[in-house]
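Participant: Any chance you could fold what I've pasted below:
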Amino acid sequence: MNLMQNKELQMFISAVFAGLLYYLGIVAVPIIMLVFAMIIDYITGMSAAWYNSELSSKKGIKGIVKKVSYLALVVVAMIIDWLISQGLQQINVDLHYSVFFAVLVAVWLIINELISTLENLSRIGVPIPNFLKKIINRLKTTVDESEENKK
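Facilitator: Residues are numbered from 1 along each chain as shown. Below you'll find the model as predicted:
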């Protein structure tokens, strides 16, 4: 592949990524953070399994399927947001924020991934500072309470 083709490929990938970010809008950052959190959790989970002689390709594949399902859950929340937004627009109600559930689900999943990552690191023997555990657990409690209050 010559340099010109490489630049064309870079431009194409950049354009696709920019279009995706534009389309996702405010949900883009939580989704990107979720993907990073899932990757870190998967790597630390596989590392902990290897460290404890529990490594299994079947568990690894199940983990990947589970993480892809997380993204599907965010998409479901985005569809729910869209449906609510469209329904409210029909009766001339504008919320000015049309992705509440998608962001809430993504943040909730990120927090769960962070908790899982801490558990994986602990299984490897990495000392986890108590303040970090407390912050993440408080975030989870806050998101759960916010979810309960919206019902």
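Participant: State the mean pLDDT of the helix ranked longest in the chain.
Facilitator: Taking DSSP state H as the criterion, the chain has its longest helix at helix 57-90. The average of the pLDDT scores along helix 57-90 is 90.
Participant: and if you look at stretch 19-36?
Facilitator: For stretch 19-36, the per-residue pLDDT averages 81.
Participant: tell me the centre residue of this protein?
Facilitator: Averaging the C-alpha coordinates of the chain gives a centre point, and the residue nearest to it by C-alpha atoms, centre = their mean is residue 34 (2.1 Å).
Participant: which one is residue 139 nearest to, not counting chain neighbours?
Facilitator: Closest residue to residue 139 in three dimensions, ignoring its sequence neighbours and counting by C-beta to C-beta, 6 or more residues apart in numbering: residue 111, at 5.2 Å. (Glycine included, C-beta is placed from N, CA and C.)
Participant: doesn't residue 141 make contact with the one you found?
Facilitator: No. Using C-beta atoms under 8 Å, residue 111 is not in contact with residue 141; the gap is 9.6 Å.
Participant: the more surrounded of these two?
Facilitator: Comparing residue 111 with residue 141 by other C-beta atoms under 10 Å, the one with more neighbours is residue 111, at 20 against 11.
Participant: Could you list the buried residues of stretch 25-42?
Facilitator: Using 16 or more other C-beta atoms under 10 Å as the burial criterion, the residues of stretch 25-42 that qualify are 27, 30-31, 33-35, 37-38, 40-42.
Participant: could you say what helices and strands the longest helix of the chain packs with?
Facilitator: Contact analysis of helix 57-90 by 3 or more C-beta pairs under 8 Å, 6 or more residues apart in numbering; DSSP states H and E lists helix 28-51, helix 100-124 as its packing neighbours.
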